[in-house]
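Colleague: need a 3D model of the following:
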Amino acid sequence: MTGKVVEKGLKQEPLTERRNMSRSYPLEKIRNIGIIAHIDAGKTTVTERILFHTGRTHKIGQVDEGTTVMDWMDLEKKRGITIVSAATTCYWHDHRINIIDTPGHVDFTAEVERSLRVLDGGVVVFDGVMGVEAQSETVWRQADKYHVPRICFINKMDRTGANYERCISMIKERLGAKPVAIQWPIGKEDTFAGAIDLIEMKAWYMTGQKDGKMQEAEIPAEEKEMADGYRQKLIESLAEEDDEIMSAFIDGGDISPELIKAAIRRLTLSNKMIPVLCGSALKHKGVFLLLNAVVDYLPSPLDMPPVKAIEVNKDTEIVRHVNDEEPFSALAFKVVADPYIGRLGYLRVYSGRIKEGAQVYNATKKKKERIGRLVLMYANRYEELKEADAGSIVAAMGLKETFTGDTLCDTVQPILLESIKFPEPVISVAIEPKTRDDQDKLGQSLQKLSEEDPTFKVAYNNDTGQTVISGMGELHLDVIVSRMMSEFKVGAQVGNPRVAYKEALRRSVKTEGKFVRQSGGHGQYGHIWVEFEPLERNKGFIFEDKIKGGAIPRAYVVAAQSGIREASETGGLKGYPVVDFKATAVDGSYHEVDSSEMAYKMAASMAFKEALSKAGTVVLEPVMKVEVVGPESFMGDIIGDLNSRRGQILGVEPSGDTVTVKGLVPLSETFGYTTVLRSITQGRANYGLEFYEYQEVPESVLAQQK
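Modeller: Just a heads-up that it's a prediction; the model follows:
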């Protein structure tokens, strides 16, 4: 805990108090989890039922009625979707569960990304009818990236077409996971009545009433043989990965439920298997058993490996353990500009303790910050705290320089945690204030919104005199503009959406950049030879220094790198940013008196522009993965329309009376697709888009755009 300040001469150093303080909940009884899924799978409904049945709320929130706790923004209530991740805390069986409910729409994927970065476990919700959908794959890959242990909840089992076995098969085939059913549904569709616990071998009948009560019973005789078979499959799956179960399995004795639960926990924490449960959150079915599984199988902060960091002063790797007595360290994973309480920074505390009013060090910005108030969030409400300990997810007021991905730590022992990487925006629109009074408000509101959302960018186009905002999709920008008008009361006019095109070099070239200015006295001299070569897609910009013999001092080479980077961002032959290339500095010269960093920035920029004219460029466009789900009778119309949009069909998956058409389509061809799809399918189809990669725009298309 960073607390009192002891003055030593002109320096002030924090005194770290090392005294035992009682925790409200021991670390092993804390669960930091996220609810993640494709849009409309039922994440928010699951969270609302969890809050109700744990006693956190006393009135059940409904998404359709706009009365949920977690979807608290006016826009979320109007649209019936989650836009921003919301944090809350509840309690179950003497455990504290910190929950983050995340958005399901691909346009808000950054909310999922930053939540998973700081969570210990996840509950992945699937629609029992649709199974694994487009965004399901995205959030699953994000969870894989951060090695987040998870359990699966197959929701909406009471709906027509729900198929538990098919969903498990899709998780295995499409997500490359090892799902293992620990429950099996009793009945199906409108006769779904509960679940068989394959570990304890008992049946749980669920009334569907809002009290959520369950009735324990013997497994029905007609289901007993089937249940025995699925339990045997469960044990065999465990035996493949766990030595203790394998040993008990070979001995041939009865394997106790306690032994099975312990093995499931071990394998879940190591990401070797995924327990699967079933239910219907809307009807309160399965929520109690899901909460039990969260406590039984998902990790506590102690189960996670120590967080790795870099010591700022020594540039060496260090680990911080989840321990109240270690130096304080935390990651700011979300910043919110609240119109009532000001700027709010969400923190995951990895080690140590922090008190309100304490001074901390922002290792990312290399600035000291002071924690104002500490609060425990309940969606848009909060409870004030005196201090936060290791393993906590809290919010802090008063942080002026801290943004998403910044590390806050002890001022005496500064460290830098791994930050969060976000995808680049793929779509932009021009925005202008309606009146002169709106001019200042526009700039302030855009700044606050860009501080909140790392995938929302604001730029000023000097050529057109317009302010350009960029984001992850049409819905993303639509929400940003709506928030700007409703929350910040800004009147604005918005242009048509534009695709974020990029350019790439056609071939490798070697060019010379020479910047010489002499106007009497101290002049300017910069001279450098650079080799440019195109790279594979998504490799970004790579710079290499191969200058030998000190032909150019290191400081000037660094300035040259900066000059090339800035020139590439300014734009290529067509005016779009240039990406995916390598620049290698190979030779040059310098002047003892006249050389400067600015001169080498200019020289390198000139070399880059020369390379563009010699090598030529290709224009790249963002291509999206599209997944259209609709009645089989409209399959031909759906495929034909996608083909007309320069789409590439990757496959068609039939499922009962519906089909899922998967393909790739350029983002520029998707504007207005919602209206067209409704028209050609009589409003009976829906679709999902997800960024795939940048691809070269055909010359014929470029010719039409001129």
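Colleague: please enumerate the helices of the stretch 151-300 of the chain.
Modeller: Per DSSP state H, counting those that start in this stretch, the stretch 151-300 of the chain carries helices over the ranges 164-175, 221-241, 243-251, 257-269, 287-297.
Colleague: for the most centrally placed residue in the chain, which non-adjacent residue is spatially closest?
Modeller: The centroid of the chain falls nearest to Glu113 when counting by Cα atoms, centre = their mean (1.2 Å). Leaving aside its sequence neighbours, Glu113 sits nearest to Gln142 (Cβ to Cβ, 6 or more residues apart in numbering; 5.8 Å). From N, CA and C alone the C-beta is placed, and that goes for glycine too.
Colleague: isn't that neighbour right up against Arg114?
Modeller: No. Using Cβ atoms under 8 Å, Gln142 is not in contact with Arg114; the gap is 10.0 Å.
Colleague: more crowded one of the two?
Modeller: Arg114 (27 against 21; other Cβ atoms under 10 Å).
Colleague: in terms of helices and strands, where is that one?
Modeller: Remark: Arg114 resides in helix 109-118, with elements defined by DSSP states H and E.
Colleague: between the helices of the stretch 151-300 of the chain, which gets nearest to His522?
Modeller: For the helices of the stretch 151-300 of the chain, proximity to His522 was assessed by Cβ to Cβ; helix 164-175 is nearest, at 63.2 Å.
Colleague: and stretch 309-322, what's buried?
Modeller: 309-310, 312, 318, 320, 322 (16 or more other Cβ atoms under 10 Å).
Colleague: would you mind giving the helices of the stretch 151-300 of the chain as JSON lines with distance to Leu535 added?
Modeller: Below are those laid out as JSON lines (distance: least, Cβ to Cβ, whole Å):
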{"stretch": "helix 164-175", "distance to Leu535": "30"}
{"stretch": "helix 221-241", "distance to Leu535": "39"}
{"stretch": "helix 243-251", "distance to Leu535": "45"}
{"stretch": "helix 257-269", "distance to Leu535": "38"}
{"stretch": "helix 287-297", "distance to Leu535": "43"}
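Colleague: right, so of those helices, which gets closest to Thr674?
Modeller: helix 164-175 (24.8 Å).
Colleague: shaky segments in the protein?
Modeller: 1-23, 57-85, 104-107, 338-341, 379-380, 461-465, 519-521, 705-706 (pLDDT under 70).
Colleague: and the longest strand along it, how far out from the chain middle?
Modeller: When the chain is parsed with DSSP state E, its longest strand is strand 617-631. Put simply, strand 617-631 sits 21 Å off its chain's centre (Cα atoms, centre = their mean, to the nearest Å).
Colleague: output the contacting helices and strands for whichever helix or strand comes after that strand.
Modeller: For strand 617-631, the following helix or strand on the C-terminal side (DSSP H and E) is helix 635-644. Packing contacts for helix 635-644, counted by 3 or more Cβ pairs under 8 Å, 6 or more residues apart in numbering; DSSP states H and E, involve strand 617-631, strand 648-655, strand 658-666, helix 673-680.
Colleague: for the longest one, packing partners?
Modeller: Strand 617-631 makes packing contacts with strand 502-505, helix 635-644, strand 658-666, strand 686-696 when contacts are defined by 3+ Cβ pairs under 8 Å, 6+ apart.
Colleague: please identify the most buried of those.
Modeller: strand 502-505 (a mean of 23; mean count of other Cβ atoms under 10 Å).
Colleague: from the contact counts, what lies against that one?
Modeller: Short answer (3+ Cβ pairs under 8 Å, 6+ apart): strand 502-505 packs on strand 524-534, helix 597-615, strand 617-631.
Colleague: go with 10 Å
Modeller: strand 524-534, helix 554-570, strand 581-589, helix 597-615, strand 617-631, strand 686-696 (3 or more Cβ pairs under 10 Å, 6 or more residues apart in numbering; DSSP states H and E).
Colleague: re earlier: find residues that contact each of Gln142 and Arg114.
Modeller: By the contact definition Cβ atoms under 10 Å, 6 or more residues apart in numbering, Gln142 and Arg114 are jointly contacted by Thr102.
Colleague: identify the residues contacting Val46.
Modeller: With Cβ under 10 Å, 6+ apart, Val46 has these contacts: 35, 37, 70, 99, 101, 123, 125, 153, 155, 279, 281-282, 286-287, 290.
Colleague: of the residues you listed, which is the nearest to Gly616?
Modeller: Ala37 (45.0 Å).
Colleague: okay, and the beta partners of that closest one?
Modeller: According to DSSP bridges, the partner residues bridging Ala37 are Val125.
Colleague: and the strands in the stretch 51-200 of the chain?
Modeller: 86-92, 95-101, 121-127, 150-155, 179-181, 183-186, 194-197 (DSSP state E, counting those that start in this stretch).
Colleague: any idea which of the ones you listed is most buried?
Modeller: Among these, strand 150-155 has the highest mean neighbour count (mean count of other Cβ under 10 Å), at a mean of 28.
Colleague: so what angle separates the directions of that one and helix 257-269?
Modeller: 100 degrees (axes from the mean of the first three to the mean of the last three Cα atoms, to 10 degrees).
Colleague: mind listing what's buried along stretch 281-296?
Modeller: For stretch 281-296, burial by neighbour count (16+ other Cβ under 10 Å) applies to 281-291, 293-294, 296.
Colleague: now the two most distant members of those.
Modeller: Maximum pairwise distance among the buried residues of stretch 281-296 (Cβ to Cβ): 24.1 Å, between Leu282 and Asp296.
Colleague: now for Thr402, how many residues are close by?
Modeller: Thr402, neighbours per other Cβ under 10 Å, totals 25.
Colleague: next, it: secondary structure please.
Modeller: Secondary structure, DSSP: H, G, I helix; E, B strand; the rest coil: Thr402 is coil.
Colleague: ok, now which ones touch it?
Modeller: Counting by Cβ under 10 Å, 6+ apart, Thr402 touches 330, 332, 335, 343, 345, 347, 360, 362, 364-365, 367, 369, 371, 396, 408, 451.
Colleague: could you measure from Lys308 over to Gln413?
Modeller: Separation of Lys308 from Gln413 (Cβ to Cβ, to the nearest Å): 15 Å.
Colleague: more neighbours: these two, which one.
Modeller: Higher neighbour count among Lys308 and Gln413: Gln413, with 18 against 12, using other Cβ under 10 Å.
Colleague: what strand or helix carries that one?
Modeller: According to DSSP H and E, Gln413 maps onto no helix or strand at all.
Colleague: on that earlier part again, any chance of the helices and strands packed on strand 502-505 in JSON lines, plus distance to Thr467?
Modeller: Output for the helices and strands packed on strand 502-505, formatted as JSON lines (distance: least, Cβ to Cβ, whole Å):
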{"stretch": "strand 524-534", "distance to Thr467": "32"}
{"stretch": "helix 554-570", "distance to Thr467": "17"}
{"stretch": "strand 581-589", "distance to Thr467": "29"}
{"stretch": "helix 597-615", "distance to Thr467": "25"}
{"stretch": "strand 617-631", "distance to Thr467": "22"}
{"stretch": "strand 686-696", "distance to Thr467": "24"}
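Colleague: show me the one of the ones you listed that comes nearest Ile638.
Modeller: Judging the helices and strands packed on strand 502-505 by Cβ to Cβ, what sits closest to Ile638 is strand 617-631, at 5.3 Å.
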